[in-house]
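Asker: All I have is the shape, not the residue letters:
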């Protein structure tokens, strides 16, 4: 477990990368990054999420090169929800996105969540491959609902799950951390 969840230094592909909690001075950089990474629809929600999600940034030489937005949602069990993640194009393929997700997973584990859920579009092959390598199941909403229901989630169906975590993309990326006791 990470002792200080607010700042973490790692070496990625020969780069010193600091992963730290967002601060106010980062917001314009993150908004620009969002505009360069996402369609208008997703950019709108990613920016909106900055206000009510936890956000961590990846920084190289005091420059924000990536971010991850997440929260914990209680649906009868605590579920970690990775809302948005992006790495600047010129820093992709170096493992920074992987490290952001792993860092986020450690935050969730320290909060004793039962499962982690993220979503993406079916054409987003790099993200799908990243989450597969990290041990996530790539499933549809109905399958995610069944798995979460089986470990104790209080949800009526897949639409209730979508509503409660407030996410609607094509595919669900799901990692179960704890089985029911």
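Answerer: Sure, I can see it. Just so it is clear, the model here is predicted, and its values are computed rather than measured.

Asker: and the longest helix belonging to the chain, what does it pack onto?
Answerer: The longest helix of the chain (DSSP state H) is helix 96-110. Packing partners of helix 96-110 (3 or more CB pairs under 8 Å, 6 or more residues apart in numbering; DSSP states H and E): strand 7-12, strand 15-21, strand 54-60, strand 63-74, strand 78-87, strand 115-120, helix 125-133. For glycine as for every other residue, the C-beta is placed from the backbone atoms N, C-alpha and C.

Asker: Of those, give the one that comes closest to residue 105.
Answerer: Closest to residue 105 of those, according to CB to CB: strand 115-120, at 6.4 Å.

Asker: The closest one - which strands sit beside it in the sheet, and in what orientation?
Answerer: Partner strands for strand 115-120, per DSSP bridges, with pairing direction: strand 78-87 (parallel), strand 171-176 (antiparallel).

Asker: now those as CSV including mean neighbour count, mean pLDDT and distance to residue 45?
Answerer: Shown next, in CSV, are the strands paired with strand 115-120 (neighbours: other CB atoms under 10 Å; pLDDT from 0 to 100; distance: least, CB to CB, whole Å):
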stretch, mean neighbour count, mean pLDDT, distance to residue 45
strand 78-87, 23, 95, 8
strand 171-176, 21, 96, 17
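
Asker: OK, contacts around residue 70?
Answerer: By CB atoms under 8 Å, 6 or more residues apart in numbering, the residues touching residue 70 are 53-54, 80-83, 104, 107-108.

Asker: returning to what we had before: out of the strands paired with strand 115-120, flag the one nearest residue 17.
Answerer: Here strand 78-87 is closest among the strands paired with strand 115-120 (CB to CB), at 10.4 Å.

Asker: just how off-centre is stretch 154-166 within its chain?
Answerer: 18 Å (CA atoms, centre = their mean, to the nearest Å).

Asker: Over to stretch 47-65?
Answerer: The answer for stretch 47-65 is 12 Å, by CA atoms, centre = their mean.

Asker: Now it: buried residues?
Answerer: 47, 49-50, 53-60, 64-65 (16 or more other CB atoms under 10 Å).

Asker: same thing with stretch 28-47?
Answerer: For stretch 28-47, a neighbour-count test (16+ other CB under 10 Å) marks 29-30, 33-34, 37-38, 43, 45-47 as buried.
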